[in-house]
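A.B. asks: Below is the sequence, then the predicted model.
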Amino acid sequence: MPNIEYIWKELEDSYRKVLTTPSFNAWIEQASPISLVNNQLTIEVPSTLHKEYWEKNLSTKIVETGFKLTGQEITPIFIIQNEIPDEKSLKKTNKKNPLEELSAMENSRKALLNPKYTFDTFVIGKGNQMAHAAALVVAEDPGSTYNPLFFYGGVGLGKTHLMHAIGHQMLLNNPNAKVKYVSSETFANDFINSIQNRTSEAFRQEYRNVDLLLVDDIQFFADKEGTQEEFFHTFNALYNDGRQIVLTSDRLPNEIPKLQERLISRFAWGLSVDITPPDLETRIAILRNKADAERLEIPDDTLSYIAGQIDSNIRELEGALVRVQAYATMNGQDITTSLAADSLKTLRPTEEKKELSILKIQETVCNYYHLQLKDLKGKKRVKSIVVPRQIAMFLSRELTDNSLPKIGAEFGGKDHTTVIHSHEKIQQLLETDIVLQKEVTELKQILFN
Ligand SMILES: Nc1ncnc2c1ncn2[C@@H]1O[C@H](COP(=O)(O)OP(=O)(O)OP(=O)(O)O)[C@@H](O)[C@H]1O
């Protein structure tokens, strides 16, 4: 009997022949064979959605290929993994031939889809893995499996990005498909205008004659009775025709105030999937992708530093990178961790800046370098104390609003010129000293956590 690796490799080859690259990446690459015992092939997959998809659409091939290779009936068993996705699941490629891409791009432009929001540029992490998988199913098989598909979650977490990615992918698969993307406000305005201009028929034609309707931020339907009424009819017309609907909101339908019950229940016919804030690894991967796309040279520790500063909103994370880039250009410097820290300093809320005391900085530096507080504040001139003392003064100057004399006083009554000198010294060293850059970054992370 062939071994499990051989069987899996053969299976992969046969799936590669029948699946598109994004589907292969999402379903096959994310699964791993665990064991083959008593003709049972146990396969680990990342989520329930993957499990269901495998069971429904991909397991027949296991049985067929298994029989061909072993002469036995192989039964697949799927188990769900719990751990954080590894490197390979964080970045996927999604390449098509150039002509297909060109025609899809033209149609995407007409559908008002952001060219940057594709599956290709979407980084998969723990918080969005399920949403990404559902988006792929819908893009590959619109109107059948999950209709409507409803993404919900906090601001700037990638709902719109995924929604556009579905549109792009559908157009890549079928360049003649009609895709329409609107925000809920645009839908409401178009509806109101159609009443004012007596163009209701044209409005209906426009919204009901599409293969994929993407409506963003439907929480803004709250309180808009007439718009909800019209959307209800649009929804029914599309749904009954087997056209795909994808919606996003910052919360679940039943949490949207004044959303009609009949809409809530219709939205529940499909799949609602949430997107949660990305973990640190995913945030770093997103920044790395973005930096590569913009051809920015940024050291890994600087990316980690930026990712450590903004932990919930990916739009802000991207904004931070733009800010760092602009700051580096303005100052004619390379991007380093110290430069990133400087440029992001003002992003931190002022309360945070005020809350941080000199004593907290001193204690943190002492813990970090295993020193006594009295030595840090004292006069000893050995290097192992002098440098941490200068770092602590530097941080007190950078991260608090205290005056130079006050900082000097807190360091055992030193003169303010000593504080200036320490600050300059550390600032200078940070330009070149990688170890120091790392230490200062870590200290800042400790202080702000
Ligand atoms: N997983 C991801 N990989 C790469 N970029 C991402 C990812 N998630 C979000 N982004 C980027 O973050 C930015 C904000 O994402 P998006 O606009 O899709 O958020 P949203 O959830 O729709 O926010 P809102 O609720 O404000 O509408 C976009 O530039 C998007 O490309």
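C.D. replies: Done, it's in. Residues are numbered from 1 along each chain as shown.

A.B. asks: Give the burial count for Lys9, as a bare number.
C.D. replies: A count of neighbours around Lys9, defined by other Cβ atoms under 10 Å, yields 13. Where you see a C-beta, it was placed from the backbone N, CA and C, and this is true even at glycine.

A.B. asks: element containing it?
C.D. replies: helix 4-18 (DSSP states H and E).

A.B. asks: can I get the CA coordinates of that helix in PDB?
C.D. replies: C-alpha atoms of helix 4-18 as PDB (Å, rounded to 0.1, in the frame of the first residue of the first chain):
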ATOM      1  CA  ILE A   4       0.300   8.800   3.000                       C
ATOM      2  CA  GLU A   5       2.700  11.300   1.500                       C
ATOM      3  CA  TYR A   6       2.500   9.600  -1.900                       C
ATOM      4  CA  ILE A   7      -1.300   9.500  -1.800                       C
ATOM      5  CA  TRP A   8      -1.600  13.100  -0.800                       C
ATOM      6  CA  LYS A   9       0.800  14.200  -3.500                       C
ATOM      7  CA  GLU A  10      -1.300  12.300  -6.100                       C
ATOM      8  CA  LEU A  11      -4.500  13.900  -4.700                       C
ATOM      9  CA  GLU A  12      -2.900  17.400  -4.900                       C
ATOM     10  CA  ASP A  13      -2.000  16.800  -8.500                       C
ATOM     11  CA  SER A  14      -5.500  15.700  -9.400                       C
ATOM     12  CA  TYR A  15      -7.100  18.700  -7.500                       C
ATOM     13  CA  ARG A  16      -4.700  21.100  -9.300                       C
ATOM     14  CA  LYS A  17      -6.100  19.900 -12.600                       C
ATOM     15  CA  VAL A  18      -9.700  20.700 -11.700                       C
END
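
A.B. asks: Point out the other helices and strands that it packs with.
C.D. replies: Using 3 or more Cβ pairs under 8 Å, 6 or more residues apart in numbering; DSSP states H and E as the contact criterion, the elements in contact with helix 4-18 are strand 32-37, helix 59-70.

A.B. asks: after the first one comes which helix or strand?
C.D. replies: Toward the C-terminal end, the helix or strand that comes next after strand 32-37 (DSSP H and E) is strand 40-45.

A.B. asks: in its sheet, what does that following strand sit against?
C.D. replies: Strand pairing for strand 40-45, determined by DSSP bridges: strand 32-37 (antiparallel), strand 75-80 (parallel).

A.B. asks: Quick one: residues in contact with the strand or helix carrying Ala285.
C.D. replies: For Ala285, the element it lies in under DSSP H and E is helix 280-293. For helix 280-293, the external contacting residues (Cβ atoms under 8 Å, 6 or more residues apart in numbering) are 84, 90-91, 121, 123-128, 278, 298, 300, 303-304, 306-308, 310-311, 314, 317-318, 321.
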